[in-house]
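# structure for the following, please:
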Amino acid sequence: MLRNLFLLLFVPSLLFAQMNIPPADSVSPPVTSTESTSPRYDIEYFSFKDLSTDTYWVSIVSDKPQEVIDELNGKGKRKLRIQVGDIRTDTIADTAAIDDDNPSVINFLVSAYYKIPSGKTDIKLFSKDSNSPENLESTLSFDIPLVNDQPGKQPFVEIITPEGGTRGDTITLKGNNFGSDIDKISIILYESAKNKNGEDTYIEIDEKRPFYLSQVINEAQELKFNIPLKKDLMKGGELRKSLKVRMFVSGRPSNFVGLTLLPPAWKIYSGLLGLLLTILFIISLYWILRKLIKSEQEKEEKSRGGVKRPTIVHFFELILADRVTNTYSLSKFQAFIWTIAAIGSYAYVIISQGLLLRNGKIPDFNPSLVVLMSISYGGLIAASGLGSKKPKNEVKARPPQLSNLFCEGGSVDLSRLQLFGFTLVSIAAYIYNLALGNPLEGLPDIPPTLLGLMGVSQTGYLGNKAIGKDASINAIAPYTIELNQAGIPISILGSGFVKDTKVMLEGYASPIMTDCKTPSELIFTLPKLDKIEVGQRLSISLLPPSGAPIVSTIYIEVVDAGKGEYVVNQDIATTDPSLVALDKQEPEVKE
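Predicted coordinates:
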């Protein structure tokens, strides 16, 4: 009985267990979910682009960016669209592109059907497959700020400076209503193009962010940005390319302003053309003076026994030399060198602004340069007036020398040296800053301290010239006389001469009255000298009406009869008209 009961309970349970355990080879593998082939989406960014056209920037993140671009451009099986609150938008064709910094981000533009009101709203991304309802893929909460749409509140650019430049140059925009948040400002660069209908339009080529925004001062602001460094910006323009610049403040656009894009070597081109114009100016000046130069050469060739100096030397002597003293004039040198520098630099600026920018504006001179030119030419006029009354104490019978610019009477004149030195230094500094600066912004400023030093140097030079120095003798012609010769005119050249001056000549007991032709020339008639002999050197002293006598270091030599011609030796050979007249034995010395 018990055995039957055990079998009744155990056998069915064993059979039941065997029925529920399948064989090993018949176990089905576990089911795994397959990943969707559709891309995943997420809205990353939303911002204003151009409120005047209700255009906005949108960025979305996806694991399949290229497919998303095709879908946004209407080329994929799935359609994507953006909705701002309850307002629908359209994706602007061919604006979708992969972000430069993140390859998973796609940036594109959308255009709203209506004006989007301010306040907090949801940015929604919808997708739609064929024959299926729309699906909400992603939502981004965004606070739409208040837009300045009242009159006079829009950004306005009044000035762009400079109006051109090359890659990397800094551009300044001046105007008003730029706002207070630099991160909400963008700069868009456009180039001219034709649309499908052949109409003129602007195509956006790049976008920049400013690096500086000023405070509001007198309702005006400044903004600075750099021209993009892209190498292909100059496409379609070898020497220059005209662009348009527009500012956006929180999506509100400003007016268009022009910007000329220039090649990297544009300053070299302009500088070479400016230098060429300066050289042409000097050549034209030489051509105008060519007859006078030829006349001076012929006179010198006769007076120096066929010796002929280069034509260019006579050209600069005509411009820089003082004909009374036959020396280079420091005031003429200063005025001439600043004139050439001003002409060359102004030509450089005109070429840069007129030829390259083509803005139709005449460049202005800096006030500091006008002041400096006034100092230079004021000194020239004052020096000429003082020179007629108190000539330079440096009358030379030989051709002018560069040392005449800072030497006088055989020694260095500190007032001249100071003015000469500051003139060269200021010219060098001016040209150096002109080369480093931007000619599109005009001529470089001259610091007030340098103007002050030039003024002090000019004042010291003119003051020293006004005070003058004691009379001195620099040359005597003729320097030889024949034994027992008398009645010939002797010319004494120097400076500081006055009327009623007498001459004491060795071998003659009484003072000899002179004729003061100019403050730099005295003439007396040689008397009969008894106690002299061949080879003797006769000393000369001046007896002015007041003051101490002046003893000359130059002597008159006695020679044999027939050898005492009016010949000037090579040490005092000259092109001065008065000495040429003496050389020709003319009885009257020309001034």
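# report the beta-bridge partner residues of residue 206.
When bridges are called by DSSP bridges, residue 206 pairs up with residue 189.
# may I ask you to confirm that it is in contact with residue 189?
Yes. Distance between residue 206 and residue 189: 4.7 Å, which falls inside the contact criterion (Cβ atoms under 8 Å). No exception for glycine: its C-beta is placed from N, CA and C like everyone else's.
# the stretch 301-450 of the chain: strands as residue ranges?
Assigned by DSSP state E, counting those that start in this stretch, the strands in the stretch 301-450 of the chain fall at 321-322, 327-328, 407-408, 411-412.
# tell me which of the ones you listed sits most buried.
Comparing the strands of the stretch 301-450 of the chain by mean neighbour count (mean count of other Cβ atoms under 10 Å), strand 327-328 comes out on top with a mean of 24.
# any idea of the mean pLDDT in that strand?
If you average the pLDDT over strand 327-328, you get 82.
# from the chain's centroid, how far away is that strand?
34 Å (Cα atoms, centre = their mean, to the nearest Å).
# likewise for stretch 343-352?
Its chain's C-alpha centre and that of stretch 343-352 lie 9 Å apart, by Cα atoms, centre = their mean.
# what do you get for stretch 142-161?
With Cα atoms, centre = their mean as the basis, stretch 142-161 stands 34 Å off its chain's centre.
# pLDDT below threshold where in the stretch 251-400 of the chain?
The stretch 251-400 of the chain contains residues with pLDDT under 70 at 303-307, 324, 383-398.
# turn the strands of the stretch 301-450 of the chain into JSON lines, including distance to residue 130.
Putting the strands of the stretch 301-450 of the chain into JSON lines (distance: least, Cβ to Cβ, whole Å) gives the following:
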{"stretch": "strand 321-322", "distance to residue 130": "96"}
{"stretch": "strand 327-328", "distance to residue 130": "95"}
{"stretch": "strand 407-408", "distance to residue 130": "99"}
{"stretch": "strand 411-412", "distance to residue 130": "99"}
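# tell me which of the ones you listed lies nearest to residue 94.
Ranking these by proximity to residue 94 (Cβ to Cβ) places strand 327-328 first, at 72.2 Å.
# parallel or antiparallel, which strands does that closest one pair with?
strand 321-322 (antiparallel).
# give me the more crowded residue out of residue 206 and residue 189.
The neighbour count for residue 206 versus residue 189, taken as other Cβ atoms under 10 Å, is higher for residue 189 (22 against 16).
# quick one: the more buried one from residue 67, how far?
Going from residue 189 to residue 67 by Cβ to Cβ, to the nearest Å gives 31 Å.
# what's the answer for residue 417, then?
From residue 417 to residue 67 the distance is 81 Å (Cβ to Cβ).
# cool, residue 165 as well?
Residue 165 is 41 Å from residue 67, where distance means Cβ to Cβ.
# then residue 43?
Per Cβ to Cβ, residue 43 is found 17 Å from residue 67.
# and what of residue 366?
Distance, residue 366 to residue 67, by Cβ to Cβ: 61 Å.
# look at these two and report which has more neighbours.
Neighbour totals were compared for residue 366 and residue 67, and residue 67 leads with 18 against 14 (other Cβ under 10 Å).
# just for the stretch 51-200 of the chain, where's the confidence low?
Low-confidence segments of the stretch 51-200 of the chain (pLDDT under 70): 147-150.
# which residues in it form helices?
65-72 (DSSP state H, counting those that start in this stretch).
# please apply the same query to the stretch 251-400 of the chain.
Here the stretch 251-400 of the chain has its helices, by DSSP H, counting those that start in this stretch, at 266-288, 290-303, 311-320, 330-350, 367-389.
# what are the buried residues along stretch 433-451?
For stretch 433-451, burial by neighbour count (16 or more other Cβ atoms under 10 Å) applies to 434, 438, 439, 440, 441, 442, 443, 444, 446, 450, 451.
# straight-line length of that stretch, end to end?
For stretch 433-451, the first-to-last residue distance is 15 Å (Cα to Cα, to the nearest Å).
# centre of the chain to that stretch, how far?
So, by Cα atoms, centre = their mean, the centroid of stretch 433-451 is 7 Å from its chain's centroid.
# same question, stretch 329-348
How far stretch 329-348 lies from its chain's middle: 17 Å, per Cα atoms, centre = their mean.
# list the buried residues in that stretch.
Under 16+ other Cβ under 10 Å, the buried positions of stretch 329-348 are 329-338, 341-342, 344-348.
# and stretch 242-261, by the same measure?
Buried residues in stretch 242-261 (16+ other Cβ under 10 Å): 243-254, 257, 259-261.
# now, these that are in strands?
The strands, defined by DSSP state E, take in 243-249, 252-253, 257, 259-261 from these.
# let me have these in TSV, adding distance to residue 325 as columns.
Listed next are those as TSV, based on distance: Cβ to Cβ, whole Å:
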residue	distance to residue 325
243	59
244	62
245	60
246	65
247	64
248	70
249	69
252	72
253	70
257	58
259	56
260	52
261	56
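# which of those lies closest to residue 107?
Closest to residue 107, out of all of those and judged by Cβ to Cβ, is residue 248, at 15.7 Å.
# okay, that closest one and residue 297: tell me how far apart.
Distance of residue 248 to residue 297, computed by Cβ to Cβ: 70 Å.
# now do residue 201
In this view, residue 201 and residue 297 are 67 Å apart by Cβ to Cβ.
# who has more neighbours, these two?
Taking neighbours as other Cβ under 10 Å, residue 201 and residue 297 compare with residue 297 leading, 17 against 11.
# residues touching the closest residue to the more buried one other than its chain neighbours, list them.
Excluding the flanking residues, the one nearest residue 297 by Cβ to Cβ, 6 or more residues apart in numbering is residue 314, at 5.8 Å. By Cβ atoms under 8 Å, 6 or more residues apart in numbering, residue 314 lies in contact with 293, 296, 297, 300.
# gap between stretch 59-68 and the chain center?
Here stretch 59-68 is found 49 Å from its chain centre; the criterion is Cα atoms, centre = their mean.
# quick check, residue 221 in a helix?
No. Per DSSP: H, G, I helix; E, B strand; the rest coil, residue 221 lies outside any helix segment and is strand.
# quick check: beta-bridge partners of it?
Residues in a beta bridge with residue 221, per DSSP bridges, are residue 175.
# neighbours of it, how many?
Residue 221 has 19 neighbours, counted by other Cβ under 10 Å.
# ok, it - contacts?
If you count contacts by Cβ under 8 Å, 6+ apart, residue 221 has them with 174, 175, 176, 177, 178, 213, 214, 215.
# in PyMOL, select just the buried ones from those residues.
Entered in PyMOL, the line below selects the buried ones among the contacts of residue 221, by 16+ other Cβ under 10 Å:
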select buried, resi 175+176+177+178+213
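# could I get the contacts of residue 221 in TSV, plus columns for distance to residue 89?
As requested, the contacts of residue 221 are exported to TSV (distance: Cβ to Cβ, whole Å):
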residue	distance to residue 89
174	35
175	31
176	31
177	27
178	28
213	30
214	35
215	37
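# now, among the contacts of residue 221, which is nearest to residue 402?
Using Cβ to Cβ, residue 174 comes nearest to residue 402 of the contacts of residue 221, at 48.5 Å.
# residues in contact with the closest residue in space to the closest one that isn't next to it in sequence?
Leaving aside its chain neighbours, residue 174 sits nearest to residue 159 (4.2 Å; criterion: Cβ to Cβ, 6+ apart). By Cβ under 8 Å, 6+ apart, the residues touching residue 159 are 172, 173, 174, 175.
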